[in-house]
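missing the sequence, but the structure's below:
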């Protein structure tokens, strides 16, 4: 899974719509990364069962659809229509009827009613002026926030950054959020989430994913050169494997 940029690209909506073409989508079972994250959140006091829940920056619904199977209701917000198309398709397959989907950016979305829990995973909008202010303005809600904690290293992208002399963006949204909360005397629990993602792609899907990431840095490589480079990641069975070492921080607190 190529790590997503920590801030918004110049044309963020286009970027995320293009990312949706190769972005992971909901997978059932209790052995997935998302299932593990939600179990860790519950072990640290998150109360998803029966909750009125808001999912900020829901993307393709990796967490949304799991949360909808636990919660009383889920309101999911994202500004990428392509991501939300995937979410709607998978929600229909699961026959979920407790899900409200809002196509809007975070700063503009109008929210009505109260929420028991707000879930926010890797949402770039939190880096924008007012993003965190809007999050903590949701009174009495329990917040479950996940952000980068200094490491998101894809083996595929690392070689390309070196080849094209790209200085990769810093993935440190969690540290900024911790500092923001501390400055406002908000008590929070901090839980590390670390490991390695192993994601298999077809040649076409990996090529598309890499091109989107490079384009965000203004790099447009020759396709023949890029295709040749990606061959080193081909597995014996024919699929392409990308491994990403990550450090993420889960922050939990309750608004007052």
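Yep, that arrived. From a predicted model like this one, the values you see are computed outputs, not experimental measurements.

Neighbouring strands - and their directions - for the helix or strand where residue 144 lies?
Element membership of residue 144 [criterion: DSSP states H and E] is strand 142-154. As defined by DSSP bridges, the strand partners of strand 142-154 come to strand 117-121 (parallel), strand 240-254 (antiparallel).

Now that strand: average pLDDT?
For strand 142-154, mean pLDDT is 97.

Then stretch 176-196?
According to the model, stretch 176-196 has a mean pLDDT of 97.

ditto for stretch 105-122
Confidence for stretch 105-122, expressed as mean pLDDT, is 94.

list the buried ones in it?
105-106, 109, 111, 115-122 (16 or more other C-beta atoms under 10 Å). Any C-beta I mention is one placed from the backbone N, CA and C, and that applies to glycine too.

could those residues be laid out in a markdown table, adding distance to residue 25?
As requested, these are exported to a markdown table (distance: C-beta to C-beta, whole Å):
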| residue | distance to residue 25 |
| --- | --- |
| 105 | 22 |
| 106 | 21 |
| 109 | 23 |
| 111 | 25 |
| 115 | 25 |
| 116 | 26 |
| 117 | 23 |
| 118 | 22 |
| 119 | 17 |
| 120 | 19 |
| 121 | 15 |
| 122 | 16 |
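
returning to that earlier point: compare the strands paired with strand 142-154 and give me the one nearest residue 190.
strand 240-254 (5.8 Å; C-beta to C-beta).

quick one: contacts for the residue nearest to residue 20 when sequence neighbours are not counted?
Sequence neighbours aside, residue 82 is the residue nearest to residue 20 in space, at 3.7 Å (criterion: C-beta to C-beta, 6 or more residues apart in numbering). Neighbouring residues of residue 82 by C-beta atoms under 8 Å, 6 or more residues apart in numbering: 16-18, 20-21.

Identify, from those residues, the entry nearest to residue 41.
residue 16 (24.1 Å).

Wait, that closest one touches residue 80, no?
Yes. With contact defined as C-beta atoms under 8 Å, residue 16 reaches residue 80; the gap is 3.9 Å.

anything in contact with each of these two?
Joint contacts of residue 16 and residue 80 (C-beta under 8 Å, 6+ apart) are residue 59.

Give me whichever of the strands paired with strand 142-154 is most buried.
strand 117-121 (a mean of 24; mean count of other C-beta atoms under 10 Å).

May I see the buried residues of stretch 124-144?
124-128, 131-132, 134-136, 138, 141-144.

any idea which of those residues is closest to residue 180?
Using C-beta to C-beta, those come closest to residue 180 at residue 132, 5.5 Å.
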